[in-house]
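Novice: generate a structure from the sequence data that follows.
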Amino acid sequence: MNRFFRFLAKIAVWFVIITFGLVLVFKWFPVPITPLMVIRYFEKDSPKVLKHDWQPIESISKNLQLAVICSEDQTFVKHNGFNLKAIEKAYQDNKKGKRIKGGSTISQQTAKNVFLWPERSWLRKGLETYFTFLIELTWSKQRIMEVYLNSIEMGNGIYGAEAAAYYWFKKPASKLSKLEASAIAAILPSPRKYKANPVTKYIASRKTWIIKQMNFYGVLNYKIEDENNTKH
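Specialist: Residues are numbered from 1 along each chain as shown. Modelled structure (predicted):
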């Protein structure tokens, strides 16, 4: 029995060493491919397309950065990786039998996309929490946003801002307007179901809402994170 527990302890130690090492590597280096990209490519109905072109955050329009924050996680620059109010609301809604919603932050979505698989399970959720803690501990908010916008699915076989900008609007991600950025952000809940261009009535209404939120939000400032850390 003692040998068994020592064996488990060794596995746990090596798991922490390897995963922490991966997180540190991706703090500075681009993420070449994600588990979701591989899974989607080998799915039965896959178009066998994988468009992914990593770009530094400076080459991704501030319009798109702000659009995804307003659409997905408006407290992104302030929280520590988890939005407890959103999680509680999602739990209560799901408990009442309403349509299942997540309370995931951009940090959690980044952890899931880069390190894990898409299917819902308690194991994956637990690992997502673990990786979210690690990236919030070691990466800046700007780096989390950079990895997020370069890794997430933005169309059928389309991953990352640069590939999405060319696919939907025939231009680089650095040139996306507020309208174009809001259209891409609007399809993120179901990027294989909806189109950023041309838009349906539903996506048009989401675009309008996102643009209003962008106007209310004001200027995107990642330094808020540093200011909060300094105060604490």
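Novice: residue ranges with poor pLDDT in this structure?
Specialist: 89-102, 224-232 (pLDDT under 70).
Novice: what's the longest helix in the protein?
Specialist: helix 2-28 (DSSP state H).
Novice: where's the closest residue to Ile106 other than its chain neighbours relative to Phe7, distance?
Specialist: Nearest residue to Ile106, sequence neighbours excluded (Cβ to Cβ, 6 or more residues apart in numbering): Asp73, at 4.4 Å. All C-beta spots, glycine's among them, are computed from the backbone N, C-alpha and C. Taking Cβ to Cβ, to the nearest Å as the measure, Asp73 falls 40 Å from Phe7.
Novice: comparing these two, which shows the higher neighbour count?
Specialist: More crowded of Asp73 and Phe7, by other Cβ atoms under 10 Å: Asp73, with 20 against 10.
Novice: and that one, its phi and psi?
Specialist: The phi/psi pair for Asp73 (degrees, to the nearest 10) reads phi -170, psi 80.
Novice: check contacts around it.
Specialist: Residues in contact with Asp73 (Cβ atoms under 8 Å, 6 or more residues apart in numbering) are 83, 105-107.
Novice: which ones among these map onto helices?
Specialist: The helices, defined by DSSP H, take in 106-107 from the contacts of Asp73.
Novice: which ones are touching Gln109?
Specialist: For Gln109, counting by Cβ under 8 Å, 6+ apart, the contacting residues are 72, 148, 152.
Novice: which SSE is immediately downstream of whichever strand or helix holds it?
Specialist: According to DSSP states H and E, Gln109 maps onto helix 106-115. Next helix or strand after helix 106-115 toward the C-terminus (DSSP H and E): helix 122-138.
Novice: how about that next one: buried residues?
Specialist: 127-128, 131-136 (16 or more other Cβ atoms under 10 Å).
Novice: next: stretch 44-60.
Specialist: Neighbour count says stretch 44-60 has 51-52, 54-55, 57, 60 buried, by 16+ other Cβ under 10 Å.
Novice: same thing with stretch 139-153?
Specialist: For stretch 139-153, by 16+ other Cβ under 10 Å, it's 139, 141-153.
Novice: so how far is that stretch off the chain centroid?
Specialist: On the basis of Cα atoms, centre = their mean, to the nearest Å, stretch 139-153 sits 7 Å off its chain's mean C-alpha point.
Novice: just the strands in this structure please.
Specialist: Using DSSP state E, the strands of the chain run over 51-52, 153-155, 158-159.
Novice: gap between the nearest residue to Val23 once chain neighbours are set aside and Lys27?
Specialist: Excluding the flanking residues, the one nearest Val23 by Cβ to Cβ, 6+ apart is Leu134, at 4.6 Å. Distance of Leu134 to Lys27, given as Cβ to Cβ: 10 Å.
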